[in-house]
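Q: Predicted model follows, preceded by the sequence.
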Protein chains: 2
Amino acid sequence: MPPRERILQAARALFYARGIRAVSVDDIAETAQTNKMTLYRHFESKDLLVAEYLRSLAREADAIWEELARAHPNDPLAQLRAFVERIAATIAQSGDRGCALANAAIELPEKDHPARAVIEEHKTHQREQVAGLCSAAGFEEPERLADEIFLLLEGARVSIQSVGHDAPGARVGAMLCSLLRSSPRRERAQSA
Amino acid sequence: MPPRERILQAARALFYARGIRAVSVDDIAETAQTNKMTLYRHFESKDLLVAEYLRSLAREADAIWEELARAHPNDPLAQLRAFVERIAATIAQSGDRGCALANAAIELPEKDHPARAVIEEHKTHQREQVAGLCSAAGFEEPERLADEIFLLLEGARVSIQSVGHDAPGARVGAMLCSLLRSSPRRERAQSA
DNA sequence: AAGGGGTGTTACTTGTCAGTAACATCATGG
DNA sequence: CCATGATGTTACTGACAAGTAACACCCCTT
């Protein structure tokens, strides 16, 4: 594995587990089994490494949408369910530190930080995906439902970090399932 | 205003606005119009100052419950509504950086940090208050409803930091209102 | 074999930060 | 008026962090 990749892997593990500001570039270089010089040959600065770290996560999250579309072709409701279950399962795992992007947004409030554009774009895109599926699945108030799903997931992912895994976050899966079941849909729902 | 109080005030403003790790004790001392020595005469360490900062916020939040109880005596539903509206209004303000306790939990993942006990206790207590009111207000599934309210609020407060104030967070007030309106309640709802 | 690009190594600069020591100042109350 | 305790001031230590310079190395290609 080339150094650049090793560095990004190390950054992902350390930034996520300990927080961005708590991790030094030396820590990352060491974990990546290389050194600071090589790191700086691949990344201009720590801030840009952070941005790249978040970008790589955002890209992976985007790939999930395509995967779900392939797994449940022409069945937006099933895609939505699978998405929700997937995140809920991740949240339920102990040791989970929630959404790396959201955490980064809290750790890096400076408006001009290069990471902020990545975060904002990805979160907005994520919500649009959900809204698109809600609409395609024939729900009557797709935007409202998308907001609700989005906020519940974000809330679950942040609250496990303040109240632990036994708390509300653990039940978000069940809540979302029943939300999807009980939300009203237009008549002519497209068949699979 | 005595120095200890000025220091706590300064800590609140700076920790909240910039993040805990981004603020030095010198910054706080300067903003408090005093100096580092005096700060360390009142607080053993930065970590304990952080814990005290969060404790002071938690105490204030607790006072809100009593205030709401006084404002709407024997009317848990009204208390619940007022609580929800209050937080939703805060969230809607631009410049709001969400819940200081939740942010701190993300910034300080070390399990033995003195702040963590404060955070965990306060968040748990907060959820219990909501659940208590849901139950007293006669909702049929008070625990489930409390979880939903809790997660929506947490989600809103975190998401304004990643997608901005135009996004779902801004609509959490309306969502919660309709949630309270549409949730089923037991028959003999107690009168005011 | 020669060259070159990517990599490793060491050491350095510069800055910041938590925390402390020693001493000066100042107000207050006896 | 003086003693005491709280506060201000300056300077310091020790640690760590971001980023850079200079040079050695190693592998791959020509």
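A: That came through fine.
Q: The residue most central in space within chain A and residue B:84: what is the separation?
A: Nearest residue to the geometric centre of chain A (Cα atoms, centre = their mean): residue A:99, 5.1 Å. Separation of residue A:99 from residue B:84 (Cβ to Cβ, to the nearest Å): 24 Å. C-beta coordinates here come from the backbone N, C-alpha and C atoms, glycine included.
Q: Residue A:73 too?
A: From residue A:73 to residue B:84 the distance is 41 Å (Cβ to Cβ).
Q: coming back round to it: which residues does the residue nearest to the centre of chain A contact?
A: Listed by Cβ atoms under 8 Å, 6 or more residues apart in numbering or on different chains, the contact partners of residue A:99 are A:154, A:157-158.
Q: again, but for residue A:64
A: Contacts of residue A:64 (Cβ under 8 Å, 6+ apart): A:83, A:86.
Q: Okay, it and chain B: tell me how far apart.
A: According to Cβ to the nearest Cβ, to the nearest Å, residue A:64 and chain B sit 18 Å apart.
Q: hmm, the helix ranked longest in chain A touching DNA strand D?
A: Taking DSSP state H as the criterion, chain A has its longest helix at helix A:46-71. Yes: counting by Cβ under 7 Å from any atom of the strand, DNA strand D has neighbours in helix A:46-71: A:46-47.
Q: for that helix, what is the average pLDDT?
A: Mean pLDDT, helix A:46-71: 97.
Q: Would you indicate which residues of that helix are buried?
A: The neighbour-count check on helix A:46-71 (16 or more other Cβ atoms under 10 Å in any protein chain shown) flags A:46-47, A:49-58, A:61, A:65, A:68 as buried.
Q: before we move on, back to that, model confidence at the residue nearest to the centre of chain A, what's the number?
A: pLDDT at residue A:99 comes out at 97.
Q: Could you do the one 3 residues further on as well?
A: At residue A:102 the predicted local confidence, pLDDT, stands at 98.
Q: burial of it, as a residue count?
A: 22 (other Cβ atoms under 10 Å in any protein chain shown).
Q: Residue A:123 - how many residues pack around it?
A: For residue A:123, using other Cβ under 10 Å, the count is 24.
Q: Let's see the pLDDT reported for it.
A: So, for residue A:123, pLDDT stands at 97.
Q: With DNA strand D in mind, check whether the strand or helix carrying it reaches it.
A: According to DSSP states H and E, residue A:123 maps onto helix A:114-136. No: Helix A:114-136 does not reach DNA strand D (Cβ under 7 Å from any atom of the strand); its nearest approach is 11.1 Å.
Q: Need the contact partners of that helix.
A: A:47-48, A:50-51, A:54-55, A:58, A:61-62, A:65, A:76-77, A:79-80, A:83, A:101-102, A:104-105, A:108, A:110, A:142-143, A:145-147, A:149-150, A:190, B:159, B:162-164, B:167-168.
Q: Apply 6 Å and report the result again.
A: With Cβ atoms under 6 Å, 6 or more residues apart in numbering or on different chains as the test, helix A:114-136 has contacts from A:47-48, A:50-51, A:54-55, A:58, A:65, A:76, A:79-80, A:101, A:104-105, A:108, A:142-143, A:145-146, A:149-150, B:162-163.
Q: Just read off the phi/psi values of the residue in chain A that DNA strand D sits nearest to.
A: Closest approach between chain A and DNA strand D, counting by Cβ to the nearest atom of the strand: residue A:24, at 3.1 Å. Dihedral angles of residue A:24 (phi, psi; degrees, to the nearest 10) stand at phi -90, psi 160.
Q: Kindly report the same for residue A:74.
A: phi 60, psi 30.
Q: swap in residue A:22?
A: Per degrees, to the nearest 10, the backbone of residue A:22 is at phi -90, psi -10.
Q: Can you name the residues that contact the closest residue to residue A:46 other than its chain neighbours?
A: Nearest residue to residue A:46 in three dimensions, chain neighbours excluded: residue A:25, at 5.4 Å (Cβ to Cβ, 6 or more residues apart in numbering or on different chains). Residues near residue A:25 by Cβ under 6 Å, 6+ apart: A:36, A:39, A:46.
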